[in-house]
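Engineer: could you work out the structure for the sequence below:
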Amino acid sequence: MSKIKFTKGELKRQRDALKRFERYLPILQLKKQQMQLEIQRVHERLNLKNQALSTLKNKISEWANLLEERGDYISAWIKPKDVVISSFNIAGVDIPVLEKMEFDDPEYDLFLTPLWVDAAIIELKKFIMFLEEKNILNKQLRILSEELRITNQRVNLFEKVKIPESSENIRCIRIYLGDQQAGAVGRSKMAKNKIERMSLEAVLT
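Structural biologist: Next up is the predicted model:
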């Protein structure tokens, strides 16, 4: 317990601090719940994205060997030219969100290029977009997990340290001030009785 002064001023300061802690605690607890819920949602989205990636990877693997002879120029057509990432606020925390990913339109001779190239480009673009979405989801998870850790520390600080400490300080100060007041009343009565005895003796003599 921190050192405190056993005064009325300190009692008021401790009461004000307790009210402040009790007012902030529900806000922190709500934020903690929101963080936990959002982390659960991100985990679910991440699992779905991993499943989609796995399915698409298996699909691509069926004709991946065909890319060996045309891989050089296909790689240029599936490279993103623009990736737009915005932010979304959840309980006071900004997390990244993938808005869109743009690619250059492929330019090649339709008569000289095999038909499978069109399908390959579409699927590979989708695969790259899925990878970027997975990357963004992992970033969201890291940010939210760190914020949850900090919020959880604050909740524990308020619940287990600040509120009990202020409550105990108030109890001790009230007991001390009560004892002081009782002592003062007792001394006042004793002084009054002494004065009355002295007055009585003076009258009798």
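
Engineer: doesn't Asn89 fall inside a strand?
Structural biologist: Yes - judged by DSSP: H, G, I helix; E, B strand; the rest coil, Asn89 forms part of a strand.

Engineer: which residues touch it?
Structural biologist: With contacts defined as CB atoms under 8 Å, 6 or more residues apart in numbering, the neighbours of Asn89 are Ile95. Yep, even glycine has a C-beta here, placed from its N, CA and C like the rest.

Engineer: confidence score at it?
Structural biologist: For Asn89, the pLDDT comes out at 93.

Engineer: quick check on the residue nearest the centre of the chain: phi, psi?
Structural biologist: The centre of the chain sits closest to Glu147, judged by CA atoms, centre = their mean, with a distance of 3.1 Å. Backbone torsions of Glu147, given as degrees, to the nearest 10, read phi -70, psi -40.

Engineer: for the spatially closest residue to it that is not a sequence neighbour, name its beta-bridge partners.
Structural biologist: Excluding the flanking residues, the one nearest Glu147 by CB to CB, 6 or more residues apart in numbering is Val93, at 4.9 Å. Beta-bridge pairing of Val93 under DSSP bridges involves Ile90.

Engineer: how much space separates Val93 from Lys57?
Structural biologist: Separation of Val93 from Lys57 (CB to CB, to the nearest Å): 32 Å.

Engineer: separation between the residue nearest to the centre of the chain and Ser54?
Structural biologist: 30 Å.

Engineer: below-threshold pLDDT in this protein: ranges please.
Structural biologist: 1-2, 67-73, 108-113, 183-205 (pLDDT under 70).

Engineer: for it, what's the longest helix?
Structural biologist: helix 8-61 (DSSP state H).

Engineer: what about Leu124, neighbour count?
Structural biologist: 19 (other CB atoms under 10 Å).

Engineer: so what's the gap between the helix or strand containing it and the chain middle?
Structural biologist: Here Leu124 sits within helix 116-157, counting by DSSP states H and E. Relative to the centre of its chain, helix 116-157 is centred 17 Å away, using CA atoms, centre = their mean, to the nearest Å.

Engineer: what's the answer for stretch 12-30, then?
Structural biologist: That offset, for stretch 12-30, works out to 19 Å (CA atoms, centre = their mean).

Engineer: contacts for that stretch?
Structural biologist: 4, 91, 151, 154-155, 158-159, 162-163, 166-167, 169-170, 173.

Engineer: returning to what we had before: for the helix holding Leu124, packing partners?
Structural biologist: Under the contact criterion of 3 or more CB pairs under 8 Å, 6 or more residues apart in numbering; DSSP states H and E, helix 116-157 touches helix 8-61, helix 71-77, strand 80-90, strand 93-103.
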